[in-house]
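I'd like to go over a predicted model; first the sequence, then the structure.
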Amino acid sequence: MAAELGPCPPRFVELKKEIAGSYPDFEARVTKAWGEILQELEKVTKEIASKGSQNVPEVNFSELGNLSPERVEEIKRKGSVVIRDVVDDAEAKEWQAWLREYVTKNPDIEGFPDHDKQFFQLYWTKSQVRARAHPNVLETTKWLNQMYHVKSGENVENVDLTTPLNYADRFRIRHPGMQWDAHPPHVDGGSIERWEDQVFRNCFADILSGNWREHDPYDLRNRINARSSLYKRPNQSTVFRTYQGWLALSETAPKEGTLQVFPNVLLSNAYIVLRPFFTPKEGKSAESFAPEDWQFDISNPDFPGIYSLGQAFTGPRPNTNSHPHLRLDETMVSVPKVYPGDMVFWHCDVVHAVEKQHAGKEDSTVMYIPAVPYTPANAAYVERQRESFLKGLSPPDFPVTKGEGHCVGVGREDDIENPVAKRAMGFTIQVA
């Protein structure tokens, strides 16, 4: 089912020139920054590799309101977190049982691989609808949303970080033993748009100005209006998600098909955003961390890790060739072992992947549930998504399928019981 990936078009040379002309002393400033970033990566990647899964913070749901500022800063710096006991084990296991029953009773559902479906194009099972509506899940995403702020201190109208919204996504029931190549290291939430859309580009203005250490991945100012889907590619989120995430419905440990992350969001952002503007000097290795081995170069259209996909683009998909200084073969760390009812979250810019191997003995089952705040654009999407739900159709960001309205065990509006959950799904709240 993989579409063929192509090169960046020649017109992207002009995009590089436009960016270079938008910032004072661009070449000198980013060249200095590039050298600093390489030296920082040489040090930090070794630290990440040595710590493995210990890089990823772990907290309990009951602690969220009482974490020290230092602990919160650690989570923000790493860009990922495991939150324990969000949902009671028994309830999570029941949801897993319902998912198994759903895929058994509805054999015509869509998923891949075709011969042994494990990743399902399903959004409205009773398990998913109830999980998204669970008070603790909504409280968790609300807490994550509030890690964001406006760096300048100015007021941003019509944005409410304390009002969580639902973004319906899919689930997987991954079986042991099968090689899984569908999710290599990548960043979601926008491809070439990070550079091409001026508002999205402004999210990285400090990096492009050479002040990369001042970059704040949690600054809301431009995030809320950034256009992450200029080319309308299916599976490309048009919604601002503060964190992507999933809810575990089974035990899953490292080497059992779990999530992997690069746990330093500021550094990976700085490197990925500036990577298109540099090439190794003649005779020098692309793996060199020495700043003097690199040169500023905007003569080619390549944005490493970005690929054409028909009329649209996909990526960033960093790998050991396109982004050797991330040392991804050593620094993509697996998250710690999770249990039913635990949740895992990663910042929307974090490089992440799914382990290729599942060497465990049981299925690894997760439901994808991100953290989404109230913004005008997000709320407008949720309105459209609500209509898809009521009709049993795929949500607006996802490929059209035959739908789930006919399925046995599909979720209904009455599975969403509390007012916060109803509002999160775009339903009007009746005030007594």
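That came through fine.

need the strands for the stretch 51-200 of the chain, in chain order.
58-60, 80-84, 111-112, 119-120, 160-165, 171-174 (DSSP state E, counting those that start in this stretch).

counting contacts, what elements does the first one pack onto?
In other words, strand 58-60. strand 80-84 (3 or more C-beta pairs under 8 Å, 6 or more residues apart in numbering; DSSP states H and E). Yep, even glycine has a C-beta here, placed from its N, CA and C like the rest.

Could you save the strands of the stretch 51-200 of the chain as JSON lines and add columns showing mean pLDDT, distance to residue 236 and mean neighbour count?
Conversion of these to JSON lines gives the following (pLDDT from 0 to 100; distance: least, C-beta to C-beta, whole Å; neighbours: other C-beta atoms under 10 Å):
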{"stretch": "strand 58-60", "mean pLDDT": "98", "distance to residue 236": "31", "mean neighbour count": "16"}
{"stretch": "strand 80-84", "mean pLDDT": "98", "distance to residue 236": "22", "mean neighbour count": "23"}
{"stretch": "strand 111-112", "mean pLDDT": "86", "distance to residue 236": "18", "mean neighbour count": "16"}
{"stretch": "strand 119-120", "mean pLDDT": "90", "distance to residue 236": "17", "mean neighbour count": "18"}
{"stretch": "strand 160-165", "mean pLDDT": "97", "distance to residue 236": "18", "mean neighbour count": "19"}
{"stretch": "strand 171-174", "mean pLDDT": "93", "distance to residue 236": "19", "mean neighbour count": "23"}
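
Give me the sheet partners of the worst-scoring helix or strand of the chain on mean pLDDT and which way each runs.
The weakest-scoring helix or strand in the chain, judged by mean pLDDT, DSSP states H and E, is strand 111-112 (a mean of 86). Counting by DSSP bridges, the strands paired with strand 111-112 are strand 119-120 (antiparallel).

what does the partner strand contact?
If you take C-beta atoms under 8 Å, 6 or more residues apart in numbering as the criterion, strand 119-120 is touched by 103, 109, 110, 111, 112, 170, 171, 172, 173, 174, 182.

and which of those is nearest to residue 31?
Nearest to residue 31 among the contacts of strand 119-120: residue 182, at 37.3 Å, using C-beta to C-beta.

Distance of residue 107 relative to residue 270?
Here the criterion is C-beta to C-beta, to the nearest Å. By it, residue 107 lies 48 Å from residue 270.

Which residue of the two possesses the greater neighbour count?
residue 270 (24 against 7; other C-beta atoms under 10 Å).

out of everything not next to it in sequence, what's closest to the more buried one?
Closest residue to residue 270 apart from its sequence neighbours, by C-beta to C-beta, 6 or more residues apart in numbering: residue 212 at 4.1 Å.

what do you get for residue 45?
Nearest residue to residue 45, sequence neighbours excluded (C-beta to C-beta, 6+ apart): residue 327, at 4.3 Å.

Equivalent analysis for residue 201, please.
Nearest non-adjacent residue to residue 201, counting by C-beta to C-beta, 6+ apart: residue 195, 5.8 Å away.

so that neighbour sits right up against residue 14, yeah?
No. Contact status for residue 195 versus residue 14: not in contact, 11.8 Å apart, counting by C-beta atoms under 8 Å.

Residue 207: which of the strands of the stretch 51-200 of the chain is closest?
strand 80-84 (20.3 Å).

would CSV of the strands of the stretch 51-200 of the chain with distance to residue 26 be doable?
Converted to CSV, the strands of the stretch 51-200 of the chain look like this (distance: least, C-beta to C-beta, whole Å):
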stretch, distance to residue 26
strand 58-60, 41
strand 80-84, 32
strand 111-112, 43
strand 119-120, 42
strand 160-165, 33
strand 171-174, 43
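
mind checking which of the ones you listed is nearest residue 46?
Of all those, strand 80-84 comes closest under C-beta to C-beta, at 19.1 Å.

outside of the closest one, which residues touch it?
Under C-beta under 8 Å, 6+ apart, the answer for strand 80-84 is 56-61, 64, 75, 140, 261, 263, 335-336, 338-339, 341-347, 350, 352.
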